[in-house]
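Trainee: Got a predicted structure plus its sequence, pasted below:
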Amino acid sequence: MKKLLAYGLAFGLIITFSASTTLVDAKTTVKVYKNCTELNKIYKGGVARYSFTKNKGGKTYYKPYVSKVIYDANKRLDRDKDLIACER
């Protein structure tokens, strides 16, 4: 009886958590920017994929905003492939 209750509870928790993550993913949308000028209006230093990413292109004036999701959506804007899109 205890095993049956434990399995039922575990199954219920799995269903609950999987349903809640699906709802969150469905509501989240990421903006894809047309070019670096549009992206830099919101994120002056560009968007980095990781916080430890180093700029290969030289000196920058602004610190990039770190977001894996935004970077992945705008990956094509990273011309030098250093994991920072539209750095300034």
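Mentor: Done, it's in.

Trainee: When you work out contacts or count neighbours from here on, use the C-alpha atoms and nothing else.
Mentor: OK.

Trainee: Tell me how far the most centrally placed residue in the chain lies from K44.
Mentor: Against the mean C-alpha coordinate of the chain, by C-alpha atoms, centre = their mean, the closest residue is V69 at 1.9 Å. Distance of V69 to K44, given as C-alpha to C-alpha, to the nearest Å: 17 Å.

Trainee: One more: Y62?
Mentor: Counting by C-alpha to C-alpha, the gap from Y62 to K44 is 6 Å.

Trainee: Around F52, how many other residues sit close by?
Mentor: Per other C-alpha atoms under 10 Å, the neighbour tally for F52 reads 8.

Trainee: Spell out which residues make up each domain of this protein.
Mentor: Here the domain parsing of the chain from automatic domain parsing is 1-28, 31-88.

Trainee: winner for burial among the ones you listed?
Mentor: Mean neighbour count (mean count of other C-alpha atoms under 10 Å) peaks for domain 31-88 among the domains of the chain, with a mean of 17.

Trainee: Could you work out the end-to-end span of it for me?
Mentor: Note: domain 31-88 ends 20 Å apart using C-alpha to C-alpha.
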